[in-house]
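> what's the 3D shape of this:
(one chain, ligands or ions: 2)
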Amino acid sequence: MRTQVAIIGAGPAGLLLGQLLHREGIGNVVLELRSQAHVLSRIRAGVLEQGTVDLLGKAGVGQRLQAEGLPHRGIELCFDGSRHRVDIHGLSGGKQVVVYGQTEVTHDLMNAREAAGLTTLYAVPDVSLHGFDTHQPTVRYTRDGKEQEIVCDFIAGCDGYHGVSRASVPPGTLQTYERVYPFGWLGILSDTPPVSDELIYVNHPRGFALCSMRSKTRSRYYVQCSLDDKLDGWSDTRFWDELRRRLDAEAAERLVTGPSIEKSMAPLRSFVAEPLRFGRLVLAGDAAHIVPPTGAKGLNLAASDVHFLWQALGGHYRGSATELEHYSERCLARVWKAERFSWWMTSLLHKFPENGAFGQRLQQAELNYLVQSKAAMTSLAENYVGLGLEA
Ligand code: FAS
Ligand code: PHB
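Ligands and ions are numbered 1, 2, ... in the order given. You can find the predicted model right below:
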């Protein structure tokens, strides 16, 4: 088989890139390790920056998002038993975020890809990348017991943190930066009305909690948990009790509980691989970087990488090499600012026993300063809505 761009991974980065390239008349094939059903079963991000919303519109998949997405113009910080609203909209010069689950984004992109009759190979277990230091790289995989090969101009590695793309880069050509956090997030999805109209980020002596949502009738909650915790050790009852203990009295009273329809644990890390391009192999999204989800940046960073990659590949086929040459540095400028913000939000809101009583008091001082300082809340607001693409 021959195509212009072979895309590895059918997560939001791979599917969004495939859609944008198709609308540009650039042929592409997507190869995905897991089944389509498995990809759709994963519950992940929930908050979209306006830039991501706009890009999904350009990809032709903004209709349901416009109809069902929930615009959010503020968040609440809860600590010392009370909640403080941060006026995201007012402090960011009128910007907002939209709550719309990553699962729905993926669904919309898959439907659009299918409607366009584009090739997506699911459940491909052994993808390997070759010759990306030449102008004719290839991707190999097995189907029906026979080795298959795709000849292409570019390989887009959109296969996440554990994917094959970054792993295929020759040793010594990648510089990586990583910070692993000493805790994880336990998340629950329930068909219960959200405890509040806006997201509540909680700093509590027992640990972090987050109250989010997917719609007016479907809630998404998280509690900080130990890396030693096991999912089967967290019954629904234990989860709801723990969430209630971390909320302020009014929210705890108002919390509507119910059976979980999904429950999962995720470790937290900050990670960046540099550069993002190796000849005709380019990395985008979680394949290149990971942020702790506290700042709601993971999916949005994947979208901004895809924006730059769409411009770079489009430029190449129009005869301009500039955008491709600057792809990595343009992505990394934005990635590192989001890494900083995600690290800052995580450091501010989670329990770090190793930081001791002094560290805990510093957190309290920073939270009290934050909610009393327009300048500090403005900084939070402009990062939360997302810095501009060229910021
Ligand atoms: P993805 O990981 O979404 O997609 C990569 C795709 O590549 C997957 O479908 C995978 O199956 C496939 N793949 C892997 N190896 C392959 C191979 N060898 N061959 C072919 N395909 C391969 N972000 C937030 O903003 N908020 C959150 O609450 C949040 N929660 C998260 C929870 C978890 C458990 C994880 C892992 C991430 C979470 N994130 C969250 C971040 C998440 O939303 C990512 O930023 C987003 O999925 C990035 O999209 P992609 O880059 O497409 O990577
Ligand atoms: C979510 O709804 O899954 C979500 C929202 C905000 C975050 C992280 C996760 O910061």
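
> what's the burial count for residue 247?
Here the number of neighbours of residue 247 (other Cβ atoms under 10 Å) works out to 24. Glycine gets a C-beta too; all of them are placed from N, C-alpha and C.

> contacts only, for it.
Residues touching residue 247, when contacts are defined by Cβ atoms under 8 Å, 6 or more residues apart in numbering, comprise 78, 195, 200, 202, 209, 211, 255.

> redo that, cut-off 7 Å
Contacts for residue 247 (Cβ atoms under 7 Å, 6 or more residues apart in numbering) come out as 78, 202, 209, 255.

> between the two ends of stretch 163-176, what distance do you get?
15 Å (Cα to Cα, to the nearest Å).

> contacts for that stretch, please.
Residues outside stretch 163-176 that contact it (Cβ under 7 Å, 6+ apart): 8-9, 127-129, 157, 159, 271, 273-274, 278, 281, 283, 287-288.

> and the contacts of residue 247 near ligand 2, which?
Near ligand 2, judged by Cβ under 6 Å from any ligand atom, there are no entries from the contacts of residue 247.

> neighbour count and pLDDT for these - can I get that in a markdown table?
Rendered in a markdown table, the data for these read as follows (neighbours: other Cβ atoms under 10 Å; pLDDT from 0 to 100):
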| residue | neighbour count | pLDDT |
| --- | --- | --- |
| 78 | 24 | 98 |
| 202 | 24 | 98 |
| 209 | 25 | 98 |
| 255 | 19 | 98 |
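
> stretch 120-131: which residues count as buried?
Along stretch 120-131, these residues count as buried under the neighbour rule (16 or more other Cβ atoms under 10 Å): 120, 121, 122, 124, 127, 129, 131.

> among the residues you listed, which two are most distant?
Greatest spacing in the buried residues of stretch 120-131, by Cβ to Cβ: 122 and 131 (24.6 Å).

> show me the contacts for the residue in the stretch 101-250 of the chain that ligand 1 sits nearest to.
Taking Cβ to the nearest ligand atom as the measure, the stretch 101-250 of the chain has residue 160 as its residue closest to ligand 1, at 2.8 Å. When contacts are counted by Cβ under 7 Å, 6+ apart, residue 160 is found next to 9, 11, 286, 287.

> the longest helix in this structure is where?
helix 327-349 (DSSP state H).

> what average pLDDT does that one get?
The average pLDDT for helix 327-349 rounds to 98.

> ok, now how distant is the residue nearest to residue 114 when sequence neighbours are not counted from ligand 2?
Leaving aside its chain neighbours, residue 114 sits nearest to residue 120 (7.8 Å; criterion: Cβ to Cβ, 6 or more residues apart in numbering). Between residue 120 and ligand 2 the computed distance is 25 Å (Cβ to the nearest ligand atom, to the nearest Å).

> could you do residue 125 as well?
The value you get for residue 125 to ligand 2, if Cβ to the nearest ligand atom is used, is 29 Å.

> can you count the residues close to the nearest residue to that residue once chain neighbours are set aside?
If you skip the residues right next to it in sequence, residue 125 has residue 33 as its closest partner in space, 6.4 Å away by Cβ to Cβ, 6+ apart. Counted with other Cβ under 10 Å, residues neighbouring residue 33 total 22.

> tell me the pLDDT of residue 33.
Residue 33 is assigned a predicted lDDT (pLDDT) of 98.

> before we move on, back to that, state the distance from the residue nearest to residue 114 to residue 386.
Distance, residue 120 to residue 386, by Cβ to Cβ, to the nearest Å: 28 Å.

> can you check residue 145 too?
When Cβ to Cβ is the yardstick, residue 145 and residue 386 sit 46 Å from each other.

> list the contacts for the closest residue to ligand 1 within the stretch 1-150 of the chain?
Using Cβ to the nearest ligand atom, the point where the stretch 1-150 of the chain gets nearest to ligand 1 is residue 11, with a distance of 2.1 Å. Residues counted as contacts of residue 11 (Cβ under 7 Å, 6+ apart) are 39, 106, 158, 160, 285.

> in JSON lines, list the residues you listed along with pLDDT and secondary structure.
As requested, the contacts of residue 11 are arranged in JSON lines below (pLDDT from 0 to 100; DSSP: H, G, I helix; E, B strand; the rest coil):
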{"residue": "39", "pLDDT": "97", "secondary structure": "helix"}
{"residue": "106", "pLDDT": "98", "secondary structure": "helix"}
{"residue": "158", "pLDDT": "98", "secondary structure": "coil"}
{"residue": "160", "pLDDT": "98", "secondary structure": "coil"}
{"residue": "285", "pLDDT": "98", "secondary structure": "helix"}
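
> for those residues, give me JSON lines that also has distance to ligand 2.
Supplementary listing: the contacts of residue 11 in JSON lines, determined by distance: Cβ to the nearest ligand atom, whole Å:
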{"residue": "39", "distance to ligand 2": "17"}
{"residue": "106", "distance to ligand 2": "14"}
{"residue": "158", "distance to ligand 2": "20"}
{"residue": "160", "distance to ligand 2": "17"}
{"residue": "285", "distance to ligand 2": "16"}
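
> residues contacting the residue nearest to residue 32 when sequence neighbours are not counted?
Among residues not flanking residue 32 along the chain, residue 10 sits closest, at 3.6 Å (Cβ to Cβ, 6+ apart). The contact partners of residue 10, taken as Cβ under 7 Å, 6+ apart, are 30, 32, 39, 120, 122.
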